[in-house]
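*Asks:* Pasting a predicted model and its sequence here:
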There are 4 protein chains.
Amino acid sequence: MADTLISVELSESPHTNENVHNRWHPDIPINVWVEPGDDFKIETYDWTGGQIKNDDDASDVRDVELEQVHYLSGPIGVKGAEPGDLLVVDILDIGAKEEMLWGFNGFFSKQNGGGFLTEHFPEAQKSIWDIDGMFTKSRHVPGVKYAGLIHPGLIGCLPDRKMLDMWNSRETALFNTDPDRTPPLAALPNTQSAHMGAMKGEARDAAAAEAARTVPPREHGGNCDIKDLSRGSKIYFPVYVDGAGLSMGDLHFSQGDGEITFCGAIEMAGWLHLKVSLIKDGMAKYGIKNPIFKPSPITPAYNDYLIFEGISVDEQGEQHYLDVHIAYRQACLNAIEYLKKFGYSGAQAYAILGTAPVQGHISGVVDIPNACATLWLPNDIFEWDMMPNAEGPTKYLDGSIDVPLAPDL
Amino acid sequence: MADTLISVELSESPHTNENVHNRWHPDIPINVWVEPGDDFKIETYDWTGGQIKNDDDASDVRDVELEQVHYLSGPIGVKGAEPGDLLVVDILDIGAKEEMLWGFNGFFSKQNGGGFLTEHFPEAQKSIWDIDGMFTKSRHVPGVKYAGLIHPGLIGCLPDRKMLDMWNSRETALFNTDPDRTPPLAALPNTQSAHMGAMKGEARDAAAAEAARTVPPREHGGNCDIKDLSRGSKIYFPVYVDGAGLSMGDLHFSQGDGEITFCGAIEMAGWLHLKVSLIKDGMAKYGIKNPIFKPSPITPAYNDYLIFEGISVDEQGEQHYLDVHIAYRQACLNAIEYLKKFGYSGAQAYAILGTAPVQGHISGVVDIPNACATLWLPNDIFEWDMMPNAEGPTKYLDGSIDVPLAPDL
Amino acid sequence: MADTLISVELSESPHTNENVHNRWHPDIPINVWVEPGDDFKIETYDWTGGQIKNDDDASDVRDVELEQVHYLSGPIGVKGAEPGDLLVVDILDIGAKEEMLWGFNGFFSKQNGGGFLTEHFPEAQKSIWDIDGMFTKSRHVPGVKYAGLIHPGLIGCLPDRKMLDMWNSRETALFNTDPDRTPPLAALPNTQSAHMGAMKGEARDAAAAEAARTVPPREHGGNCDIKDLSRGSKIYFPVYVDGAGLSMGDLHFSQGDGEITFCGAIEMAGWLHLKVSLIKDGMAKYGIKNPIFKPSPITPAYNDYLIFEGISVDEQGEQHYLDVHIAYRQACLNAIEYLKKFGYSGAQAYAILGTAPVQGHISGVVDIPNACATLWLPNDIFEWDMMPNAEGPTKYLDGSIDVPLAPDL
Amino acid sequence: MADTLISVELSESPHTNENVHNRWHPDIPINVWVEPGDDFKIETYDWTGGQIKNDDDASDVRDVELEQVHYLSGPIGVKGAEPGDLLVVDILDIGAKEEMLWGFNGFFSKQNGGGFLTEHFPEAQKSIWDIDGMFTKSRHVPGVKYAGLIHPGLIGCLPDRKMLDMWNSRETALFNTDPDRTPPLAALPNTQSAHMGAMKGEARDAAAAEAARTVPPREHGGNCDIKDLSRGSKIYFPVYVDGAGLSMGDLHFSQGDGEITFCGAIEMAGWLHLKVSLIKDGMAKYGIKNPIFKPSPITPAYNDYLIFEGISVDEQGEQHYLDVHIAYRQACLNAIEYLKKFGYSGAQAYAILGTAPVQGHISGVVDIPNACATLWLPNDIFEWDMMPNAEGPTKYLDGSIDVPLAPDL
């Protein structure tokens, strides 16, 4: 039986745990070491470290302190790993913590992070999802039930100094193009609520001041939020520091491509069972800059889809040039309109697109000036028949249930 | 046996065929009418109308006259169709013309249209793909063979006057922001080589001067280049004019998500077997703006993938804000570097990404400032084992074969 | 474009065609030769040679002359093929003849061949299935539509003399255990309506008298009726004679595991596009006695099933010992009872199980004394929801349409 | 969090647990009750109750006391369930007990139960399989690794008196046709090691003397060993007694169709998370005799197969009449011969067929006199390329590792 190398106590603050951190910095010490070929378990907090409760009040989502995210478990050292190697991680399994068999999905207020459709859903809302074995359903979103495609939203190795500097430099440059924007263009280093693992004193303070936030995906992987990096997958990570320094967190029970609701997928605390090995000098051998991976042989077999198209003309009718982001937003908005015809509220429809295993495809990116993106909605997640027919849609819901909203103060 | 309602003679110019057109305009006359419930066949030219030859010389791709594209067969009238209806199209089958059992893929010169990776592949190149029953392979790209995911790159109904005006207005506004750009930001109306179907004389000239080019996807569908709109799928199209006026063309034997090579997929001439029906007032009933569709129950079962990640930091290291287009470009470039380690030339790797049934997913679009896109490369299309291992890649190709290139003049 | 090496004229008797035969014998001459690596097309009659008509009268099924079946196209010689080799056949594509875009399914009278459920359906019945591109549906069986999983029911190489003798010897021994049984235990050599290809005169008569009937599958493959040997598959056949002598026929547009209706699947005339190559001495290298194959990458993606169990206790309650045949019959009968609750007649239900891509699994064969077999019925072939629910089934059909029956005379 | 209603202590004899039984009888008392709509957990012993050890000595398999099997957890009462209802069971999840993260597979000695290929493997052999998260591999069978398709081999409701009498009557009749056969034709009631749950005293002894053994699948489901009845599936069970009385056990981490090794699949102890509901009078409403089920949306996606055919001619060349059991045995033997060419021992090959998610299809059952069965071997379970090619097979194994064998005493 695999040893649990990092445990977390959900009733305690993650800041009390030296094997947890919420910033990226090469000096965060590696306290836990394994050998290539080892398998072991790692527990993680939910990404917010317990700020969100299982209730019907979205004020915790509205008031979330985003400087705290994401609480990661690690770094784990792999003996013999050197810069330039590929760290091969087999995700043997992932599960929820027995004491928290539920997850949350939410939309942030536009004043505090926003999200993909923040212009359409500008205030904080929250839905709670029960984890029933391999399945999930929500008291706030009737008529849907999904099999879990459980994955870590965030996983990767420690950057070296050079990479950290590059991250800070390029993200600061972008931020400075519009420093007052809400939400901001980038999440720059910020010592507020920084947790630097086992670092202490002045060294800790200095590192926190320059450590990269965990928000974006980067060369090392990081917060990719790729739903297909799920349990059963095999991932090849670039190594930048001796020992690799693998950290992870932000577990999702289920998510749609894009994680469009931002807060986020179905967010959960839990554990991962991992096995590690090395490909020496693998980055050069295979020309690797970002992680590559082989998806799991076990994933939900939802392959009956209704597909929505979107093009890069925005909600105001303005034409953009091959902008896939805008095209995908239109496809999502089209799906939401469709779902509303069956009785879902806009917020419920948005929550479904954020939490269900929907696919988002870059269908066309060369036909000037319009990109075409498609959103693939699996029919089998619905209790009801959601296909078009000559009679028109049936209104299955009467509007009596909705996703709780907490107005901005 | 279904009647062939529109035939094309590949040895003759498409301009001699009154049931072919290469512009969108509400006044293009509907010559061919069917009843709801009918099934019938339609033949189409390849998108260039025969400009590209089955040889080893890419000068035809370099010199292609893009004002001619795309040659569409139609418009087909459906009796009883009215604005606001949904036209339901079952694609019962698609095939190649017996006299042209091959297709082409190419990269345009940056001076004449370019493509997704035009900065990396700035000159014209061409590969020829043989159609062997359900499969294709190329003498220019050894070691790969795909089952066809045959689909019309372009299909949709005639716009009405209001929609046409909106298209022209918004695309002109974009074009005017950088009118000298090469390639241009948009393909505006252009009478050169316009083919207006059965229109003649002054009416034809006036319509051609304002008719929309067929290049981009738009609200009606059009040039979506969605690989999953394949034979066996069922599509629900918005109707804008009496009779609907369905036209189609730009058949592809196989294509990857994004059609990144632009010229394009594996381009072919062929035929479609269609069945049509109506959902009266379906646009309002279902809240439809763009087409929606149910994909085919018969598609290639390539589900063993190697997946590449890309983030929205460009080749020069500049940080962009949640730009999925750039993120997907990085994922594609990462895959190309990987394939080169096995002996493929960059052009061969690019051609594979453009022609094989690769998936492009919008994996993360909220983690500021980086979007994350993933490119899914199916392992089963390769004759060889392409997975990473501890020994490093095997160089299967010696570079003696490449994709023909025609230098700019 | 591949050459058609064997053509058939459906309006003429197959006995006029020297490249057709309906018996297996090593002396049937090979008239058509190809090289390893060649691809080519072969046309075939339907298995009965045109005895069944597209009408609503089952008397042709009742009166069918089974001594005629199966009309095969071939034998085709592959240069260099020798006994002990494996003949590798890529089925590049299969299609229907343009002049016969329909197929038939039937149950034989118990007095003339019977079938799997002949005790329950003892009289001749027939349904006609239209081929609409990739799909089929029947005017006799409302509410179902399938994508075609087109395959040759019968394909294999000529036996040598030793194998022919073995076949005749063992089948005669079985037949003689109950020579008066109806239907008989085996179809022994029979000169009535024998067609020996290009053989003539006395040699023909002598060969016909000892030639094996084409009815059963045997070591060479032959009449396997494996629905998964479909277009796109790659098959490795044992070779027994110089040149291999590949023959084929009995094309099916769609069939369920077991071909339980016997007459049979959706039977059709058509063509195959094949490519051949050799593995020299492959039988010994790989220890091959019967053909092996890799199924197609393109098959209908019906993977939402309702599964029925059956055990080896027969309809009279008698216990049999690990008898999978009986267990599968019970699973099929259970499915028929279920379908009848939705309004299907028994004959319609039986026809669905014979023609749709249902799976039949040998689920348990060691738990004495009961074998357990399962029948997998794909939900997506039905127009209606066929899953159980608390309210009970909806009767979608009123019984006004049924499968035509021709009473025994 | 779901309550565990029945716990088992692996270090203690199952006979000490009143919520465990190893016979079927209507009088076994229901101690545990739930409401329709409840979800809950049940723990189970492995089928032998701990007789098999994790070591390299097969004498425990040789000496197993089969009178003990199968130890089932239950019966569970569902309030309101009455004879004629359907009990709907959602298998929300299944897992191994933390203290036993391994399973076993074995072949019984022909003198003690035998198995499907007992003539070919007449002596006891055993392989041990480690459970690594979602995957399994064995130190006795190199080169293979599978994702688990975890399922209960045995699950069903208590029979009523009438059904029990029918079982005993028909099985005794079969047994009596050859009462001295080894292995026997049926496992008749036997008080040796009978465990009747909470029954005590004379009532217990009387019930044990007539209680049905758990070996075969029967009308209620029972020991079906259907690999697809896996976690995530939904099953509809016939109800015969008030409260239904659902029992289960014989968990398998992975199994091939047929469970041909008999001992059995990868046998394990573990737990199930279930949810129950009722369809009142569902047996009559839907015409149900045996259970029906909808398989899981989450199953291993192994869909690249190499398929072996077998026909109903036995190893001695004798012809049998449409005997699927013999045909499947030939397909299995053909696969074993093939695997031996790559270096596997016969026993290793047999163990793979018994434990991997291979499919066994009833491909043809009407083509007299030969049934045709197919064995589908998934390529992706192998570390190596196992497809045929012109060069012939590579011998990956040197024979130094094999499946331990314990000779008959």
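*Replies:* That came through, no problem.
*Asks:* going forward, measure contacts and count neighbours with C-alpha atoms only.
*Replies:* Noted.
*Asks:* Show me what the helix or strand residue A:75 falls within pairs with in its sheet, parallel or antiparallel.
*Replies:* Using DSSP states H and E, residue A:75 sits within strand A:72-78. Pairing partners of strand A:72-78, with direction, according to DSSP bridges: strand A:20-21 (antiparallel), strand A:32-34 (parallel), strand A:244-252 (antiparallel).
*Asks:* hmm, whatever helix or strand comes next after that strand in reach of chain D?
*Replies:* Using DSSP H and E, the helix or strand that follows strand A:72-78 in sequence is strand A:86-96. Yes: residues of strand A:86-96 contacting chain D under C-alpha under 8 Å from any C-alpha of the partner chain: A:92-93.
*Asks:* Might one say that residue A:146 is in contact with residue A:356?
*Replies:* Yes: applying C-alpha atoms under 8 Å, one finds residue A:146 in contact with residue A:356, separated by 6.6 Å.
*Asks:* intersection of neighbour lists for the two?
*Replies:* A:254, A:381 (C-alpha atoms under 8 Å, 6 or more residues apart in numbering or on different chains).
*Asks:* And the two? Which one has more around it.
*Replies:* residue A:356 (26 against 22; other C-alpha atoms under 10 Å in any protein chain shown).
*Asks:* show me the contacts for the more buried one.
*Replies:* By C-alpha under 8 Å, 6+ apart, the neighbours of residue A:356 are A:146, A:254-256, A:381.
*Asks:* For the stretch 201-350 of chain A, which segments count as strands?
*Replies:* Per DSSP state E, counting those that start in this stretch, the stretch 201-350 of chain A has strands spanning A:217-218, A:221-222, A:234-238, A:244-252, A:263-267, A:270-279, A:292-294, A:298-300, A:305-311. These are given in chain order.
*Asks:* bridging residues for the residue nearest to residue A:129 when sequence neighbours are not counted?
*Replies:* Closest residue in space to residue A:129, ignoring its immediate chain neighbours: residue A:138 at 4.3 Å, by C-alpha to C-alpha, 6 or more residues apart in numbering or on different chains. On the basis of DSSP bridges, residue A:138 is bridged to residue A:129, residue A:141.
*Asks:* what about residue A:138, how many neighbours?
*Replies:* Count around residue A:138 with other C-alpha under 10 Å applied: 19.
*Asks:* Give the bridge partners for the closest residue to residue A:405 other than its chain neighbours, please.
*Replies:* Nearest non-adjacent residue to residue A:405, counting by C-alpha to C-alpha, 6+ apart: residue A:125, 4.3 Å away. Following DSSP bridges, residue A:125 is listed with bridge partners residue A:107, residue A:405.
*Asks:* Residue A:183 versus residue A:125, what's the distance?
*Replies:* If you measure residue A:125 against residue A:183 using C-alpha to C-alpha, to the nearest Å, the figure is 17 Å.
*Asks:* now do residue A:230
*Replies:* Distance from residue A:230 to residue A:183, by C-alpha to C-alpha: 29 Å.
*Asks:* now swap in residue A:146 and tell me
*Replies:* 31 Å.
*Asks:* now residue A:353
*Replies:* For residue A:353 relative to residue A:183 (C-alpha to C-alpha), the value is 22 Å.
*Asks:* what does residue A:91 give?
*Replies:* Distance from residue A:91 to residue A:183, by C-alpha to C-alpha: 34 Å.
*Asks:* close to chain D, is the helix or strand of chain A with the lowest mean pLDDT?
*Replies:* Sorting the helices and strands of chain A by mean pLDDT, DSSP states H and E puts strand A:298-300 at the bottom, at a mean of 91. Yes: counting by C-alpha under 8 Å from any C-alpha, chain D is contacted by strand A:298-300 at A:298-300.
*Asks:* Likewise for stretch A:151-169?
*Replies:* No: Stretch A:151-169 lies apart from chain D when judged by C-alpha under 8 Å from any C-alpha; the minimum separation is 13.6 Å.
*Asks:* quick one: that stretch to chain centroid distance?
*Replies:* The chain centroid and the centroid of stretch A:151-169 are separated by 16 Å under C-alpha atoms, centre = their mean, to the nearest Å.
*Asks:* For it, C-alpha coordinates in PDB please.
*Replies:* What follows is stretch A:151-169 as a C-alpha-only set of coordinates in PDB (Å, rounded to 0.1, in the frame of the first residue of the first chain):
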ATOM      1  CA  HIS A 151      -8.000  15.700 -12.400                       C
ATOM      2  CA  PRO A 152      -5.600  18.100 -10.800                       C
ATOM      3  CA  GLY A 153      -6.100  21.600 -12.200                       C
ATOM      4  CA  LEU A 154      -2.600  22.500 -11.300                       C
ATOM      5  CA  ILE A 155       0.500  20.300 -11.400                       C
ATOM      6  CA  GLY A 156       4.100  21.000 -12.300                       C
ATOM      7  CA  CYS A 157       7.700  21.300 -11.200                       C
ATOM      8  CA  LEU A 158       9.500  24.200  -9.600                       C
ATOM      9  CA  PRO A 159      11.000  26.800 -11.900                       C
ATOM     10  CA  ASP A 160      14.600  27.800 -11.800                       C
ATOM     11  CA  ARG A 161      15.700  31.300 -11.300                       C
ATOM     12  CA  LYS A 162      16.000  32.100 -14.900                       C
ATOM     13  CA  MET A 163      12.500  30.900 -15.700                       C
ATOM     14  CA  LEU A 164      11.000  32.800 -12.700                       C
ATOM     15  CA  ASP A 165      12.600  36.000 -13.900                       C
ATOM     16  CA  MET A 166      11.300  35.500 -17.400                       C
ATOM     17  CA  TRP A 167       7.700  34.900 -16.000                       C
ATOM     18  CA  ASN A 168       7.800  38.000 -13.900                       C
ATOM     19  CA  SER A 169       9.300  40.100 -16.600                       C
END
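*Asks:* which parts of it are buried?
*Replies:* Going by neighbour count (16 or more other C-alpha atoms under 10 Å in any protein chain shown), the buried part of stretch A:151-169 is A:151-160, A:163-164, A:167-168.
*Asks:* Which single one of those is nearest to residue C:107?
*Replies:* For the buried residues of stretch A:151-169, the residue nearest residue C:107 by C-alpha to C-alpha is residue A:151; the value is 51.5 Å.
*Asks:* And the residue of the stretch 151-300 of chain A closest to chain C?
*Replies:* residue A:300 (11.6 Å; C-alpha to the nearest C-alpha).
*Asks:* beta partners for that residue?
*Replies:* Residues in beta-bridge contact with residue A:300 (DSSP bridges): residue D:298.
*Asks:* How is residue A:114 classified with respect to secondary structure?
*Replies:* Assigned by DSSP: H, G, I helix; E, B strand; the rest coil, the conformation of residue A:114 is coil.
*Asks:* hmm, I was thinking of residue A:182
*Replies:* Using three-state DSSP, the structure places residue A:182 in coil.
*Asks:* ok, it - contacts?
*Replies:* Residue A:182 neighbours (C-alpha under 8 Å, 6+ apart): A:110-113.
*Asks:* can you rerun that using 10 Å?
*Replies:* Residues near residue A:182 by C-alpha atoms under 10 Å, 6 or more residues apart in numbering or on different chains: A:110-114.
*Asks:* swap in residue A:202?
*Replies:* Residue A:202 sits in contact with residue A:208, where contact means C-alpha under 10 Å, 6+ apart.
*Asks:* Over to residue A:260?
*Replies:* Going by C-alpha under 10 Å, 6+ apart, residue A:260 touches A:107, A:115-118, A:328-329, A:332, A:350-351, A:353-355, B:363-367.
*Asks:* try 6 Å this time
*Replies:* A:116, A:354 (C-alpha atoms under 6 Å, 6 or more residues apart in numbering or on different chains).
*Asks:* near chain B, which residues of chain A?
*Replies:* Counting by C-alpha under 6 Å from any C-alpha of the partner chain, the residues of chain A close to chain B are A:170, A:186, A:215-216, A:225-226, A:257-259, A:262, A:279, A:285-287, A:292-294, A:305-308, A:319, A:324-325, A:337-338, A:360-370, A:390, A:392.
*Asks:* Brilliant, that's me finished.
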